[in-house]
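K.L.:
Structure, please.
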Amino acid sequence: MTEFWMELQAVDSYQVKASGILTGADRKIITMLYQPLMGAECLALYQTLFTEVEENRLWSKAHSHVQLLNMLDISLKALFEARLKLEGLGLLKSYVKTENDTRFYIYEILPPLSPEKFFSDGLLNIYLYSKIGNAQFQRLRRFFSDDAIETTTYSEITRSFQDVFEPFKGGTIATIDKTNQTLMDKTKPKEIEFDDASFDFNLFISLLSPSMISRDKITKEVRQTILKLHGIYQVSEKDMPSYLYRALDANGDIDIVFLRKIVREGYSIENGTPPKLQMKQEMPDVEEQKEVLNDEEALQVYLESITPFQLLVDISDGAVPAETDLRVVEEVMNQQNLPVPVMNVLIEYVMLRLDRKLAKNYMMTIAAHWKRKNVKTAKEAMDLAWQEHEKYKRLQEEPATAKKSNYNRNYQKTTRKEILPDWFDKESVPPADNKMTDKEKQTLEEQVREIKERLNKR
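P.N.:
Residues are numbered from 1 along each chain as shown. Modelled structure (predicted):
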């Protein structure tokens, strides 16, 4: 699967589109019904995106994702996963276009389902019940419902427009000019629909007995119910017909409510616990990574999976990075539009060369060079950084022609493992430079140990 950093970078720009009007009742629905399913980070992202659109406006101003990350105080990976959850729950639509290697996103905020739609959805209500339990589920139902009042004994006396107002008798007729502007409107919530990618509907139909259920009984609503039940309870094509037979009413129609009930009961009897809502795993298991990755690959995975902010925190032993360092990193990223993994390699390379300091002009020069070289991944940046490091060593340590020829022979024997930064592997700490003190060597070894400990925890 695609890694999150290949689909989203902190420097990517975005705009928010408000799809209609979000009312106070909608906010209650999202907080009380959707938040248990998606978590607090998703709720914060949804509300933050919506508040970026000014009152009585449909579009926000353009920003980079850096601002969103700082606002929410979360990592790029957490932001990406929160976005996916909002999309999956029908609360967000995402659009992207790419121009000159720069990505632009549009995030369209969608209203939630009404309480009536939510509690009869057959998908979200089941996962909510599983998450919060029966007592809390019933409390929420009572919160969003009210006692019905008998109205059959009343007669409607509502007047029509023609009964109230006089007909038009001339005067100025308003002319409406065509513009590119869009007026605010109340948008219909997006109901979650399943496709049949994992359910063979042709096989299922072939297994139905025509004498029991005619094909016209499989309406669009029934079809979606079947797909949802398959997605939630993993009911197979072979088992689904028996449930439909049991759900037939006296008229031969499929009772959808009863169908959901018997499938749910069958699942509970077989499994004991209701189904849980879980995200698909994007990355291989951490234990599997530890078995197959060497040091170089482990460092590459590390640099590809964190934000520059978290990298600075890790390098600083958990301390909050200085505001000046953050401004330097943000300015370099924005001006040169470097991918996050490439920026991470640049930070480590500069800190290694400048005794753990960040120099804006120096970083900008290297970033511009890497941009011209079209560096896109952490591996490409690590390779280029190693080449530059070797050139620097050649100039500093081998000025004489005789030494240079010896160096070339040795350089050809250099193993691929030397691509790692000196501080990452203590065996590769350069002892040849007499300027390094014992204290500096000890510091480098401590950095090696810390990085390896962080990799083991990931």
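K.L.:
if I read this right, residue 129 contacts residue 136, doesn't it?
P.N.:
No - the pair residue 129 / residue 136 is not scored as a contact, 9.1 Å apart, by C-beta atoms under 8 Å. C-betas here are computed from N, CA, C, even on glycine.
K.L.:
Have a look at the two and say which one is more surrounded.
P.N.:
In this view residue 129 and residue 136 are compared by other C-beta atoms under 10 Å, and residue 129 has more residues nearby, 18 against 14.
K.L.:
Pull the number of nearby residues for the residue lying closest to residue 54 once chain neighbours are set aside.
P.N.:
Nearest residue to residue 54, sequence neighbours excluded (C-beta to C-beta, 6 or more residues apart in numbering): residue 60, at 7.4 Å. Other residues lying near residue 60 total 20 when counted by other C-beta under 10 Å.
K.L.:
Residue 60 contacts residue 51, correct?
P.N.:
No - at 9.1 Å, residue 60 does not count as touching residue 51 under the criterion of C-beta under 8 Å.
K.L.:
so what pLDDT did the closest residue to residue 76 other than its chain neighbours get?
P.N.:
In space, and not counting its chain neighbours, residue 76 is closest to residue 307: 5.0 Å by C-beta to C-beta, 6+ apart. Residue 307 carries a pLDDT value of 75.
K.L.:
and residue 259, how many neighbours does it have?
P.N.:
Around residue 259 there are 21 other residues, counting by other C-beta under 10 Å.
K.L.:
If you could redo that for residue 71, that was the one I meant.
P.N.:
14.
K.L.:
Need the nearest residue in space to it, chain neighbours excluded.
P.N.:
The nearest residue in space to residue 71 (C-beta to C-beta, 6+ apart) is residue 48, at 5.9 Å.
K.L.:
just residue 224 next, same as before
P.N.:
residue 193 (6.0 Å).
K.L.:
what does residue 356 give?
P.N.:
Using C-beta to C-beta, 6+ apart, the closest residue to residue 356 is residue 315 (7.2 Å).
K.L.:
Surely that neighbour and residue 351 touch.
P.N.:
Yes - using C-beta under 8 Å, residue 315 is in contact with residue 351, at 6.6 Å.
K.L.:
Give the other helices and strands that the helix or strand residue 126 falls within contacts.
P.N.:
Using DSSP states H and E, residue 126 sits within helix 124-143. Applying 3 or more C-beta pairs under 8 Å, 6 or more residues apart in numbering; DSSP states H and E, we find helix 124-143 packed against helix 35-38, helix 115-119.
K.L.:
Out of the ones you listed, the one nearest residue 376 is which?
P.N.:
Closest approach to residue 376 among these (C-beta to C-beta): helix 35-38, 31.7 Å.
K.L.:
following the least confident helix or strand in the chain by mean pLDDT, which helix or strand shows up next?
P.N.:
Counting by mean pLDDT, DSSP states H and E, the chain has its least confident helix or strand at helix 286-292, which shows a mean of 48. Moving toward the C-terminus from helix 286-292, the next helix or strand (DSSP H and E) is helix 295-304.
K.L.:
Next secondary structure element downstream of that next one?
P.N.:
helix 308-315.
K.L.:
contact partners of that next one?
P.N.:
10, 69, 75, 303, 306, 319-321, 325-326, 329, 333, 340, 343-344, 347-348, 351, 356, 447, 450-451, 454 (C-beta atoms under 8 Å, 6 or more residues apart in numbering).
K.L.:
Which parts of the stretch 251-400 of the chain are helices?
P.N.:
256-271, 286-292, 295-304, 308-315, 323-336, 340-353, 360-372, 378-397 (DSSP state H, counting those that start in this stretch).
K.L.:
Compare those and say which comes out lowest on pLDDT.
P.N.:
Least confident of the helices of the stretch 251-400 of the chain, judged by mean pLDDT, is helix 286-292 with a mean of 48.
K.L.:
how about low-confidence regions in the stretch 151-300 of the chain?
P.N.:
By pLDDT under 70, the weakly predicted segments of the stretch 151-300 of the chain are 168-192, 195-196, 269-274, 277-295.
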